[in-house]
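Chemist: Here you go, sequence then predicted model.
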Amino acid sequence: MKNKKFYPWLVVALLWVVALLNYMDRQMLSTMQDAMKLDIVELQKAEAFGALMAVFLWIYGFVSPFAGVVADRVSRKKLVVGSLFVWSAVTYLMGYASDFTQLYWLRALMGVSEALYIPSALSLIADWHEGKSRSLAIGIHMTGLYVGQAVGGFGATIAATFSWHSTFYWFGIIGIAYSVVLALLLHDKPKTAAAVAASPNPATLMKKESLWRGLSVVLSTWAFWVILIYFAVPSLPGWATKNWLPTLFADSLGLDMAQAGPMSTITIAASSFVGVLLGGVLSDKWVLRNIRGRIYTSAIGLGMTIPALVLLGFGHSVVAVVGAGMLFGIGFGMFDANNMPILCQIISAKYRATAYGIMNMVGVFAGAAVTHLLGKWTDGGNLGMGFAVLGGIVIVALVLQLACLRPTSDNVE
């Protein structure tokens with residue numbers, strides 16, 4: 001099957017489901033606090049629930065670079081399948097948790113297992129899709145994350161219908177079952193005859209090459225530092241919208257959270273879905289005529305987020321705020337679809353997972369920092385101003401990217 005022309009797109013379809021489960025399993029806990037605190041009294045304190053959410057984020061961030069190093073040295077398929085199996089088993093076991101300590105350590109283990117997924121999956125898609133389909137393939141995969149985030153928001157609804165225990169059980173079982181399907185159908189891309197002839201025996205390579213060789217190569221590439229900054233800065237508004245947009249909608253439009261939450265989530269998810277598809281198609285066509293086509297597509301998307309953030313910060317009508325949210329989602333989606341394809345223009349295929357793992361870590365830590373900072377601004381009544389300031393910061397990343405990134409190949413081997 002892996003030799004069929006359609007197989008690269010089957011890889012995307014298979015991993016789309018995994019991406020959905022990835023975000024769904026991590027997200028649904030955030031909606032089930034009310035149901036869970038009846039059985040686990042520690043969760044009645046917001047501080048304890050915040051610690052439960054934070055441990056995942058910090059573990060996920062710290063593990064990401066190491067996950068990338070591993071993904072560049074072993075089968076990416078095995079890492080994807082293993083990661084899905086472990087985090088699904090953890091989700092299942094969370095249904096049996098009877099105290100805060102058990103939940104805390106299970107949540108930490110989920111951070112480790114889920115960190116292994118993104119560098120491996122995006123590198124695997126990049127392996128199978130070269131040239132004219134890479135950005136679109138990455139973009140389609142990213143829509144799975146958006147859908148998973150939205151579906152995870154219904155965890156409380158399912159928990160209210162059945163129980164929070166059953167919710168964890170069944171989502172865990174679904175993931176475990178799908179890991180078996182994935183093990184049967186997903187494959188690493190075979191090396192070409194020329195590549196096999198040119199490369200040394202893998203066992204010999206492992207002995208000669210240090211475990212940290214990939215990190216050394218990536219961190220000594222000056223263009224990677226530009227990409228790292230360019231990735232980290234937009235992560236600030238990216239995480240701000242994930243964690244604070246419902247509050248901003250509620251404050252700016254005078255709505256209660258029951259209305260503001262779904263309105264903000266649907267606005268961002270739907271528009272981002274459009275953005276990654278638009279950014280993928282445009283980038284794949286543009287790069288055939290101009291090697292910087294992917295960079296220009298990403299820059300257009302990021303440029304759209306700047307006025308969107310300012311309008312989100314200062315808008316007070318439904319048209320202004322929802323319109324700004326849609327503009328941000330489309331722009332951020334275009335940016336999101338092109339991060340790995342741009343990385344492929346700078347970093348060798350041998351070290352892409354390592355590079356993306358570092359990017360993932362920096363993005364997550366930036367998200368943790370901005371989430372904390374905007375919490376303080378919210379307490380001071382300045383959340384809208386905070387969003388507008390983020391728009392100004394994005395300008396710096398945009399100028400840096402356009403001035404410094406000048407690739408010579410669309411696929412560095």
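Modeler: Structure's in. What do you need? Owing to the predicted nature of the structure, the values given are computational and were not obtained by experimental measurement.
Chemist: In stretch 165-172, which residues are buried?
Modeler: Using 16 or more other CB atoms under 10 Å as the test for burial, stretch 165-172 gives H165, T167, F168, Y169, F171, G172. For glycine as for every other residue, the C-beta is placed from the backbone atoms N, C-alpha and C.
Chemist: same deal with stretch 309-320?
Modeler: Buried, per 16+ other CB under 10 Å, within stretch 309-320: L309, V310, L311, L312, G313, G315.
Chemist: and those, which of them are in strands?
Modeler: Using DSSP state E, the subset of those located in strands is empty.
Chemist: hang on, the earlier thing: T143: which of the buried residues of stretch 165-172 is nearest?
Modeler: F171 (19.6 Å; CB to CB).
Chemist: Verify the stated contact: that closest one with M28.
Modeler: Yes - using CB atoms under 8 Å, F171 is in contact with M28, at 7.0 Å.
Chemist: ok so, going back, can I get the buried residues of stretch 165-172 in TSV with secondary structure and distance to G152?
Modeler: Formatted as TSV, the buried residues of stretch 165-172 follow (DSSP: H, G, I helix; E, B strand; the rest coil; distance: CB to CB, whole Å):
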residue	secondary structure	distance to G152
H165	helix	17
T167	helix	10
F168	helix	12
Y169	helix	16
F171	helix	9
G172	helix	14
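Chemist: Reformat those as TSV; add pLDDT.
Modeler: Below are these laid out as TSV (pLDDT from 0 to 100):
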residue	pLDDT
H165	91
T167	90
F168	93
Y169	93
F171	92
G172	94
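Chemist: before we move on, the earlier item: export the buried residues of stretch 309-320 to JSON lines and tack on distance to P8?
Modeler: Compiled in JSON lines, the buried residues of stretch 309-320 are given as follows (distance: CB to CB, whole Å):
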{"residue": "L309", "distance to P8": "36"}
{"residue": "V310", "distance to P8": "40"}
{"residue": "L311", "distance to P8": "39"}
{"residue": "L312", "distance to P8": "37"}
{"residue": "G313", "distance to P8": "41"}
{"residue": "G315", "distance to P8": "42"}
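Chemist: Just the closest of those residues to N243, please.
Modeler: For the buried residues of stretch 309-320, the minimum distance to N243 (CB to CB) is 13.8 Å, reached by L312.
Chemist: Please name the residues that touch that closest one.
Modeler: L245, L248, S252, V321, A324, G325, F328, G384, F387, A388 (CB atoms under 8 Å, 6 or more residues apart in numbering).
Chemist: Narrow those residues to those in helices?
Modeler: Using DSSP state H, the subset of these located in helices is L245, L248, S252, V321, A324, G325, F328, G384, F387, A388.
Chemist: Between the buried residues of stretch 165-172, which sits nearest V55?
Modeler: Nearest to V55 among the buried residues of stretch 165-172, with distances taken as CB to CB, is F168, at 17.1 Å.
Chemist: from the middle of its chain, how far away would stretch 343-350 be?
Modeler: In terms of CA atoms, centre = their mean, to the nearest Å, the gap separating the centre of stretch 343-350 from the centre of its chain is 19 Å.
Chemist: Thanks a lot, see you next time.
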